[in-house]
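> this one's structure only:
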């Protein structure tokens, strides 16, 4: 079955369960409709529009200063470069499935000449013990909270505190990949600033759970963010106008950060439904943010038609795609957003009854 | 006198003569108002929205393919890196006042490890003779048309043809910094494709004469642009959504490219007015695009109050700032856009009568 058959069914579904909505031009139009046409653009990183948002985010994250970047890829490479230069060391450590390792075409290595040390194992979050095994030649450890490529898993907060204390004692810089930082605050029952206090520098994204257009913030002390602006220009990220991203980031931040606890509860409800189906388990079993991975111990070509049928017969779009792990195993990612609350409970119940029954047939 | 007194007077003026208008959020709102809210975002460089615009620009520039970038800084570093890698040489040549040399915090050197060879002299455009002096260790020559930092000067088209033929014969790659390419087509009386045919790769910008929000196109053959997309991701420029820039680039491209001949004629009219004033000369004397530099052989602190007075007494904003060259010399840049045509001729005549008289007083 063609991949796009599932995508097409999902796109036609009455009740897609994941995300906030389609990524259309309307998302930006809605945000801009709230802004006066006479408001001045930012200009190469200066101006009230960008400076106000940077100050707001510095405050939220409990850091001295913050800089708006077009992307997290750019912001994080730059953070690691700055710390490496300061330490005079070329190695940085992160999870084997970090965005930097698998989604950035080795920009860190090809542009900055840095080397990566992979922390711990692919299928779990890094531990203090992993970090204690690092040599003296590592400038910086990057922790991603939650660890996206394994379904959004998190260490205990006490473990984080121990890691932070250890790194400070040993002079290892600790950087937070907080692409989904706001999404985990309800689980930790901490403010963003309380989490960020454990780290020397922090990146957050605005188009994951917040659902804006694009863009990122990098925060830290003033000498760090000042240096990051020089690298931002070198990367070609110091655009004359970043306001389309900034204005939408601010608009959707205000709308959705207060709903992160709701999204997590909904993710937990959905995970429970999945975990009752034959051959299915979610990671984490109980979500700690708005996201999870749904693993199915069956061949993708058997599972795909089932999700298409569920979609077509109940109107509930559970997923737009399946990723094959091997001949007997597939999975997909779910991130809960505004859409979940609009799915009628009865439709959801019917969808899972059908899914469970159909998977049971092939799993036998 | 504080720099911002002139800026403030300019910002309050009834008839600013340069540019299209203020860089406000309204510029984007206007472009987006023409787009259906249901149009899908581009997604990491894919999707109809970005692919259609790239195909349109490839066609306009007469190249096989084109890639949209958030900035020219990113696009051009990447172009030079690709050509250098292919040649196995680390040196690239360009004008001493190239954007790469003076406005990018040495990104080309710090991120890509390339070395620059400065072509010819600061105050004139590079010639074939300059290029003939280059050693065998230069991978690529970048020509900027027009040469912005010297007022937007151009070589004769025949000289360009000779340079292109020489580079092809010698196996030197020729790249066009066409940040203001559309602005010079009326002078050369050529299509964009006819100019670009002399070059192996081309960059064009959308927020100079075109006046969009930000963004750039890099064009060349398919293997070149394919490689450029990998580097775009490494730089952190492969954003999930670039549509705010693409849609506005397309909107203002359609509006303003047909007016480039008008802008040039207006720049020439304005230059003639300046060249009649004491101590003033424009570079070029007769503009070859919509831009020029206005040089004044007088101290900045004497000139600044004169421009403030002209602005306050006639309502005509001639410039928002002056750059000091030395104690006896200053200059400013003018780029003509939509505003010029809205300045009443009588106000302009009065402004230049006052400017000429006032400069005559201090120049004595």
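Looks like it came in fine. Predicted model only: the values in this text are computed from it and were never measured.
> which strand or helix spans the residue in the stretch 51-200 of chain A that chain B sits nearest to?
Residue nearest to chain B within the stretch 51-200 of chain A (Cβ to the nearest Cβ): residue A:74, separated by 2.7 Å. For the C-beta atoms, the positions are set from N, CA and C on the backbone; glycine is no exception. Residue A:74 is located in helix A:72-87, with elements delineated by DSSP states H and E.
> do whichever helix or strand comes after that helix and chain B come into contact?
Using DSSP H and E, the helix or strand that follows helix A:72-87 towards the C-terminus is strand A:91-94. No: applying Cβ under 8 Å from any Cβ of the partner chain, one finds strand A:91-94 separated from chain B by no less than 15.9 Å.
> what helices or strands is the helix or strand that strand A:91-94 is followed by leaning on?
Counting by DSSP H and E, the next helix or strand C-terminal to strand A:91-94 is helix A:99-102. Judged by 3 or more Cβ pairs under 8 Å, 6 or more residues apart in numbering or on different chains; DSSP states H and E, helix A:99-102 is in contact with helix A:72-87, strand A:115-118.
> CSV for the ones you listed, including mean pLDDT?
CSV is the format used below for the helices and strands packed on helix A:99-102 (pLDDT from 0 to 100):
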stretch, mean pLDDT
helix A:72-87, 98
strand A:115-118, 98
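> can you check which of those gets nearest to residue B:227?
Of all the helices and strands packed on helix A:99-102, helix A:72-87 sits nearest to residue B:227, with 17.7 Å by Cβ to Cβ.
> in a strand, residue A:281, correct?
Yes: looking at residue A:281 with DSSP: H, G, I helix; E, B strand; the rest coil, it is inside a strand.
> wait, it sits on residue A:298?
No: assessed by Cβ atoms under 8 Å, residue A:281 is found out of contact with residue A:298, at 11.9 Å.
> follow-up on the earlier one: now the residue of the stretch 51-200 of chain A closest to chain B, nearest residue through space, not along the chain?
residue B:236 (2.7 Å; Cβ to Cβ, 6 or more residues apart in numbering or on different chains).
> my guess is that neighbour contacts residue A:71. True?
Yes: Residue B:236 lies in contact with residue A:71 (Cβ under 8 Å); the separation is 4.3 Å.
> what residues are shared contacts of these two?
Taking Cβ atoms under 8 Å, 6 or more residues apart in numbering or on different chains as the contact rule, residue B:236 and residue A:71 both touch residue A:237.
> please tell me how far residue A:242 sits from residue A:54.
11 Å (Cβ to Cβ, to the nearest Å).
> when these two are compared, which one has more neighbours?
The neighbour count for residue A:242 versus residue A:54, taken as other Cβ atoms under 10 Å in any protein chain shown, is higher for residue A:242 (29 against 21).
> how close does the more buried one get to residue B:71?
When residue A:242 is compared with residue B:71 (using Cβ to Cβ), they lie 11 Å apart.
> overlap of the contact sets of those two?
Joint contacts of residue A:242 and residue B:71 (Cβ under 8 Å, 6+ apart) are residue B:214.
> need the contact list for the residue nearest to residue A:74.
Residue B:236 neighbours (Cβ under 8 Å, 6+ apart): A:69, A:70, A:71, A:72, A:73, A:74, A:75, A:77, A:104, A:107, A:235, A:237.
> alright, calling it a day.
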